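1. what would the 3D arrangement of this be:
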Amino acid sequence: MDDVGSPSCGPTTRRGVRGGEAFIFGADGNCGMLCEHSPCDGVVLFQVAERLLKYMIGSPSKLVRAASVSELPAPRRLRWKCTTEIHKLLSSSADKLHRLVENLDMKVSKFCEYGKEFIKNQKMSPDAYIQVALQLAYYRCHGRLVSTCESASTRHFKEGRWENIRSATPQALDFVRAMADGKLSSSEKMELLQGAMAAQTKYTILAITGRAIDNHLLGLREIARELKMETPEIFKDEAYLISNQFILSTSQVPTTVELLSGYGPVVPGGYGAYYNPQSDYIIFSISSFADSPHTCSVDFCRAVEQALRDMRELHDSVKLIKFADDTTLIGLISNNDESAYRREVDRLVSWCSGNNLELNAQKTVEMIVDFRKSTVPPPPPSVMDSPITSVESFRFLGTTITQDLKWEPTISSLIKKAQQRMYFLRQLRKAKLPAQMLVQFYTAIIESILTSSITVWFAGATVRDKQRLQRIVRSAEEVIGRSLPSLQDLLILEPLQTDVMEPEGSTETATAATNLAHTAASKLSQMSERTKQLGTAIQDPERQKRIILVIVCVALLLDNMLYMVIVPIIPDYLVELQKQAAHGVVHTNFTNGTVHKETKENFDLQIGVLFASKAVVQLLVNPLSGTFIDRVGYDIPLFIGLNIMFLSTVIFAFASNYSTLFLARSMQGLGSAFADTSGIALIADRYTEEAARSRALGIALAFISFGSLVAPPFGGFLYEFAGQHVPFMVLAAMCLGDGIMCLVVLKPFSNKERENMPVGTPIYKLMVDPYIAVVGGALIVCNIPLAFLEPTIANWMEETMHSEQWEVGMTWFPAFFPHVLGVFLTVKLAAKYPHLQWFYGALGMVFIGASSCTIPACKTFGQLMVPLCGICFGIAFVDTALLPTLAFLVDVRHVSVYGSVYAIADISYCVAYAMGPIVAGKIVHDLGFIQLNLGMGLANMLYAPALLLLKNVSKMKPSYSERNMLLEDGPTGLYDTIKMEHREKKKKGLCTTIDENGIETFAQRSFSEEESSGGEYA
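-> The predicted structure is shown next:
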């Protein structure tokens, strides 16, 4: 505590200071609070003061001096030991403070002619109304409008404080000019006042929702300053500097008790205007600097009061007109005589005019119900010299009435509303609410909709419409688990319920029903809140990346499971078709009407063509799908691919002939061309850091391997014990679920991310890039052993090892584990030694080559597992090392758009898997199984040295201009690309300008090191 002499607070003022707040106690009994705005908003201090005053008003007895006060020790003043220099500084500060206090010209006024209740009765916002009055007062005092600041709280944002509402709008200028010249009528001035208030309200909404301009401009200015960039030209512009000199600083802090507050002006020659609107009066606190020749607080306060009076007169000169809504006039026209009907229309118009009601001719319609065979419609009557529109139907009190008096539109509307509310009934059932509460909810929320105006339309409803309504009731019965009254029963019982005596205990029943309704509403509110939380969690960037990885991994898993699940199913199914043909069963091909009789000679060829059709179609479509992905983004192609895969899987499930199977297999190739390429590209785009990208792509590859290896035993088991349809329907259901996740999380058709983004490098240019070509060749060569062994190893095992069926089915399953191990090791090694990616790929090809050469030497099933595991282990090394390398090559050598480059990777896979089923069998037949494996192994070992070309890829760096613009955390490749283009233009000395036609051009610019801080915020 200290004693301060102050002209404003009396000779001696006790001031207790804590942080940014000061409690001031005057010797004459006056007390107050002082707040420094930086640590907290003024609203906080007002709430403290308001609560204190309410406590004092509500508990006056507690303010009486208690006897125990005398028992407390007397307060003792603290004596501070200060040096002479500190005493001089304190004395200087006190003199400066006293000069500031003496220079403050503050006028406090209480405008008692009306308050906010009158303004609200005029359907106007009190804050907008007073803001326009302040603009009018300043215009009358100074002949112009100036930059005005009104604070708007942004506390519903995290760490939000406040935003600026700019009240000096063009609409406010039009209004104050009209009030000054006096040429317009009162009604015209009222329209301008309403326009000014509407503009004020609109900007207020923008400010409190974070869409105003000042905070955004401040953020951009401070970012440029922190990055030591040259101050952008906009912050040096004179208009920007003037707009940030808030000559009129205003603030509203409404309270429920009478509180006086105020603050000083923020610039010399300016005003500080605080106002507190109460029900019947408005408190103003106007401040300015006494040494300013341009301001006077007393004159401005008088101008504000006069502005409020003049604005009140505008209301007194305008009549309150209400519209006559939902007024219906029914007339019976006999013998084509309309005179009585038209007289009644004229009487209605006259009556409305005499009772301050206005008929809106544009919303008045006429409908004629006439069931005669030959009719001539009469001319429509007129309302206020405007002809009435003739319609075929209109909506009256929620019920649609048509010319033919049919109720199908009304019933369809009621059914739609009821079906929407059925969702909440099901959610309450999932929450395990008791049946009694569910019945109560159904009665209040759903049954009330179905029985809306039921006495009007039920008798005229068709049987079909009544059945549609009853289906809603039956659905509710299934959800609740209890029988419910039909609509017919409700219609019969409704008139009788008014005469029934209220039984004893009905009050308790009503109370219990009310409690149940409150509980149901609480449950719905909780579910809504959880839904919002889930939506917020999904939109979190890190969580969204993980969810996207899950979606893509599931899509890749499904694609490869569908690719391999037919291995144990299709041969057996085609054999059945062959046996049926041999016994004379005729299968009709509906495309050409011919009869197919399968023979042993073309049986193997049909299987090979069917297996290869997917890869062939995928190979043909990939160049187009890569370009399409670069154009539209990754989300839409992924969703399209999942839909096509879903349709192909369903067709597989119900295929009854070879042509249908071939169609389904080809459709799968089409879907894979979109889903696989866009999925891998989406991962590369979202995971921009090389370590995270390698890890994410490694996880995706593990799912590819798992799908390929687990599908044959999965399909064989379900086909054997559940039938042909089941394995495909399970996969179709999984595909449908993944598509729904893609639609909910990625929102492909509402995502604007790709707008104005650059187009990726054409695929033909990427194909001729030597580094990408080497990677593509490695992917082809390393996948040839797997693609060629899948259709040939089964026969070789049966001939040489005499393997049983379970051994053939389980051939590739153990290889899944070394594949996952290879992915894990490559990701770990790449994170620690990223410059050796080429070596990991070459090492994997050596593993593949050595393992392929040792396969023919195996004599037992156990021995065969070793080289097969080696092949999959090597493939994991190659894929995990080289797929991220493709994205890195695009980043440093081309545009960072990944659709086309991963289409090339998919083409590489498809080349191997398209040749496998067709070429492998021919090679085994002509040269032998041993020569096939030796050739594949030799090809891998000879190609491994070619990866030395990629040795220096890790040393490639983005251009200096691109590195300069990587300022944000975790930027995306597309974002980097567009920023790089702008940096390149700046590097060449070009700047973007907008000519008079609104066209963006580039002009030579000169650079300056001068920096300006721009206008400061008060």
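2. can you give me the strands in the stretch 1-150 of the chain?
-> Counting by DSSP state E, counting those that start in this stretch, the stretch 1-150 of the chain has strands at residues 2-6, 10-18, 21-26, 31-35, 104-111, 148-153.
3. now do the helices in the stretch 551-700 of the chain.
-> 570-582, 600-632, 635-654, 658-686, 690-722 (DSSP state H, counting those that start in this stretch).
4. give me every residue that touches Gln122.
-> His315 (C-beta atoms under 8 Å, 6 or more residues apart in numbering). All C-beta atoms are positioned from the backbone trio N, CA, C, and that covers glycine.
5. coming back round to it: mean neighbour count, mean pLDDT and distance to Leu248 added to the helices of the stretch 551-700 of the chain, as TSV?
-> Shown next, in TSV, are those (neighbours: other C-beta atoms under 10 Å; pLDDT from 0 to 100; distance: least, C-beta to C-beta, whole Å):
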stretch	mean neighbour count	mean pLDDT	distance to Leu248
helix 570-582	15	63	82
helix 600-632	20	75	50
helix 635-654	22	86	49
helix 658-686	25	83	48
helix 690-722	21	75	52
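6. got a markdown table for those, with distance to Leu843 too?
-> Shown next, in a markdown table, are the helices of the stretch 551-700 of the chain (distance: least, C-beta to C-beta, whole Å):
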| stretch | distance to Leu843 |
| --- | --- |
| helix 570-582 | 36 |
| helix 600-632 | 27 |
| helix 635-654 | 33 |
| helix 658-686 | 23 |
| helix 690-722 | 16 |
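7. closest to Val266 out of the ones you listed?
-> For the helices of the stretch 551-700 of the chain, the distance to Val266 is smallest for helix 658-686, at 45.8 Å, taking C-beta to C-beta.
8. next, the angle from that closest one to helix 600-632.
-> Inter-element angle recorded for helix 658-686 and helix 600-632: 30 degrees (by axes from the mean of the first three to the mean of the last three C-alpha atoms, to 10 degrees).
9. same for helix 658-686, what does it pack against?
-> Where contact means 3 or more C-beta pairs under 8 Å, 6 or more residues apart in numbering; DSSP states H and E, helix 658-686 is packed against helix 541-565, helix 570-582, helix 600-632, helix 635-654, helix 690-722, helix 861-893, helix 899-926, helix 973-987.
10. try 7 Å
-> Counting contacts by 3 or more C-beta pairs under 7 Å, 6 or more residues apart in numbering; DSSP states H and E, helix 658-686 is packed against helix 541-565, helix 600-632, helix 635-654, helix 690-722, helix 899-926.
11. out of the ones you listed, which is closest to Ala675?
-> With C-beta to C-beta as the measure, helix 635-654 is the member of these nearest Ala675 (2.8 Å).
12. how about the closest one as CSV, C-alpha atoms only?
-> Taking C-alpha atoms only, helix 635-654 is exported to CSV below (Å, rounded to 0.1, in the frame of the first residue of the first chain):
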residue,chain,number,x,y,z
ASP,A,635,-8.9,-38.4,-52.7
ILE,A,636,-11.4,-38.8,-55.6
PRO,A,637,-9.4,-41.5,-57.5
LEU,A,638,-9.0,-43.5,-54.2
PHE,A,639,-12.8,-43.3,-53.7
ILE,A,640,-13.5,-44.3,-57.3
GLY,A,641,-11.1,-47.2,-57.1
LEU,A,642,-12.7,-48.5,-53.9
ASN,A,643,-16.1,-48.3,-55.5
ILE,A,644,-15.0,-50.3,-58.6
MET,A,645,-13.3,-52.9,-56.4
PHE,A,646,-16.5,-53.3,-54.5
LEU,A,647,-18.5,-53.8,-57.6
SER,A,648,-16.0,-56.3,-59.0
THR,A,649,-16.0,-58.3,-55.8
VAL,A,650,-19.8,-58.5,-55.8
ILE,A,651,-19.8,-59.7,-59.4
PHE,A,652,-17.2,-62.4,-58.5
ALA,A,653,-19.5,-63.6,-55.8
PHE,A,654,-22.4,-64.2,-58.1
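13. alright, calling it a day.
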